[in-house]
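**Q** Have a look at this prediction, sequence included:
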Amino acid sequence: MSDETQKPEDQANPEAASEAVIDENKGDPAAETPAGAPAEPQKPSLEAENAELKDKLLRAMAEAENIRRRLERERADIARYAAAGFARDMLTVADNLHRAIESISAEERAAASDAVRAAVEGVEVTERSLLSTFERHGIRVIRPLPGEKFDANLHEAMFEVPGAEHAAGTVVHVVEDGYMMGDRLLRAARVGVAKGA
């Protein structure tokens, strides 16, 4: 400002007048831009940055939720199948009990002494108790019947039996029972399969 345009009170204190001019322009971005130009060139970039940050936040939240769900599913599987190794080991015990019972025919049982019959009954009770315990823990027996269609998901073919008396691809003989724990196969039933003519 020149001295000629100053008001009389400003002439008395020229420093105050210059400070007033500076204060008027301070902090006003429009004062630094040419007249008529909008002072919002940063607004679109801030909105874009805000949208990008919102997108990142939503993605991070979705990923955290997916991780939480996966961990819950894994925890449930661990709880459900924690005893699978132990159960597999116990299958041998069940097999041996079953073999012991099957090794004595009905005729031998009838001709046996009371002590032998009591021992056989004790083995049968033990097998039933073990299978009952298996059931309580979600383990079930896969015992295919002769003539049942061979299922590679549940059965393991140990040998083929030639002959026309059985349809090809059907179970003829069960070597060992199979077992499932929940929806998982602990051991496939080991079977002989008809070869067909």
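**A** Yes, it's here. Numbering: from 1, shown residues only.
**Q** and the helix ranked longest in the chain, what does it pack onto?
**A** The longest helix of the chain (DSSP state H) is helix 42-81. Contact partners of helix 42-81 among helices and strands, from 3 or more Cβ pairs under 8 Å, 6 or more residues apart in numbering; DSSP states H and E: none. (C-beta placed from N, C-alpha, C; glycine too.)
**Q** List the buried residues for it?
**A** residue 81 (16 or more other Cβ atoms under 10 Å).
**Q** next helix or strand past the helix or strand harbouring residue 131?
**A** Following DSSP states H and E, one finds residue 131 within helix 114-136. Following helix 114-136 in sequence order, the next helix or strand is strand 139-142 (DSSP H and E).
**Q** can you dump the C-alpha coordinates of that following strand into PDB?
**A** Listed next in PDB are the C-alpha coordinates belonging to strand 139-142 (Å, rounded to 0.1, in the frame of the first residue of the first chain):
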ATOM      1  CA  ILE A 139     -16.500 -94.200  14.600                       C
ATOM      2  CA  ARG A 140     -18.600 -96.700  12.700                       C
ATOM      3  CA  VAL A 141     -17.800-100.000  11.000                       C
ATOM      4  CA  ILE A 142     -17.800-100.500   7.300                       C
END
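**Q** I'd like to know which elements that strand is packed against.
**A** helix 114-136, strand 178-181.
**Q** Paired strands for it, with orientation please.
**A** Strands that pair with strand 139-142, judged by DSSP bridges, come out as strand 178-181 (antiparallel).
**Q** Return the list of strands paired to the helix or strand just after the partner strand, each annotated with direction.
**A** Downstream of strand 178-181, the first helix or strand assigned by DSSP H and E is strand 184-187. Using DSSP bridges, strand 184-187 pairs in its sheet with strand 178-181 (antiparallel).
**Q** any idea of the mean pLDDT for the strand it pairs with?
**A** Strand 178-181 shows a mean pLDDT of 94.
**Q** Please work out which residues outside it touch it.
**A** 81, 83-84, 87, 91, 94, 134, 137-144, 154-156, 185-190 (Cβ atoms under 8 Å, 6 or more residues apart in numbering).
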